[in-house]
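[1] Have a look at this prediction, sequence included:
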Amino acid sequence: MILLETIGIVQAMARPYKEALDRLYRVAESQQGYFTAKQAKRCGFADSAQHYHVQVGNWVREHRGVYRLARFPHTDDSHLVLWSLWSRDQQDKPQGVYSCQTALAIHDLSDLMPSKLHMTVPRRFRRNSEIPPVLVLHYADLADDGIDSRAGFRVTRPLRTIIDLMRAGDVPHDVLAQAFRKALSHGMVTRAQIGALPSDGQERLWLDQLLREVA
């Protein structure tokens with residue numbers, strides 16, 4: 001009888017942990033294995049438990065306040081989730097959106113392989129810590145209709161990306177024209193989208209010129 005009662009107590013104690021683990025796995029799965037300390041806490045892991053799971057090898061501390069499940073498989077773009085989570089605000093919501101050359105590569109519209117990750121953050125974005133060397137930050141308030149959501153990170157849509165690169169002028173014109181042609185042929189940019197832009201705006205003039213070039 002005592003043995004059965006002991007087993008019952010152990011099982012009852014294990015149940016909340018399993019439930020917390022299940023919640024955390026669902027969060028991490030949506031973010032390619034990554035999660036924040038606040039997300040872990042909301043799932044039921046106290047600060048002391050977080051330290052324990054790093055010590056025993058269940059979790060990997062990837063950056064301050066950002067972890068990864070040790071056994072979760074890596075993907076080609078999982079590092080993008082890490083820096084997206086780095087950009088989180090005080091409410092733990094990521095603020096950064098991959099843009100410019102990085103967005104062009106994510107959409108597979110160019111063979112350019114930028115050595116750094118370009119990310120657009122809101123104008124009000126501030127961090128007390130140093131910006132990681134791998135990141136180049138651009139400050140702008142992006143509209144939701146110019147952003148795509150991926151597994152654990154966001155990226156500017158192809159048309160927004162091409163317009164941003166036109167403005168910046170730091171990508172060769174032939175590379176931009178090639179990306180534009182590919183985006184058109186794959187339906188990632190449409191003539192209707194271009195036609196919706198103000199007819200007298202600089203962006204429309206640029207895109208109309210590109211249309212003539214790729215015709």
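    Perfect, thanks for sending it.

[2] mind listing the helices for this structure?
    Taking DSSP state H as the criterion, the chain carries its helices at 2-29, 37-43, 47-55, 78-86, 100-106, 158-168, 173-185, 191-195, 202-214.

[3] and among those helices, the most buried is which?
    Per-residue neighbour counts averaged over each of those give the maximum for helix 100-106, namely a mean of 24 (mean count of other C-beta atoms under 10 Å). Placement of C-beta: from N, CA and C, glycine included.

[4] which other residues reach that helix?
    77, 80, 98, 110, 112-114, 117-120, 136, 138, 150, 155-156, 158, 160-162, 164-165, 168, 171, 179 (C-beta atoms under 8 Å, 6 or more residues apart in numbering).

[5] hmm, 6 Å instead?
    The set of residues that contact helix 100-106 without belonging to it, under C-beta atoms under 6 Å, 6 or more residues apart in numbering, is 110, 112, 114, 117-118, 155-156, 161, 164-165, 179.

[6] now swap in stretch 127-143 and tell me
    By C-beta under 6 Å, 6+ apart, stretch 127-143 touches 97, 116-123.

[7] now with 10 Å?
    Around stretch 127-143, the neighbours that count as contacts under C-beta atoms under 10 Å, 6 or more residues apart in numbering are 63-64, 79, 82-83, 86-89, 95-97, 99-102, 114-125, 146, 154, 156-157, 160, 164, 167-168.

[8] export the helices of the chain to CSV and tack on distance to Pro132 and mean pLDDT?
    Formatted as CSV, these follow (distance: least, C-beta to C-beta, whole Å; pLDDT from 0 to 100):
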stretch, distance to Pro132, mean pLDDT
helix 2-29, 21, 67
helix 37-43, 18, 96
helix 47-55, 20, 90
helix 78-86, 7, 96
helix 100-106, 14, 95
helix 158-168, 21, 94
helix 173-185, 26, 92
helix 191-195, 33, 90
helix 202-214, 31, 87
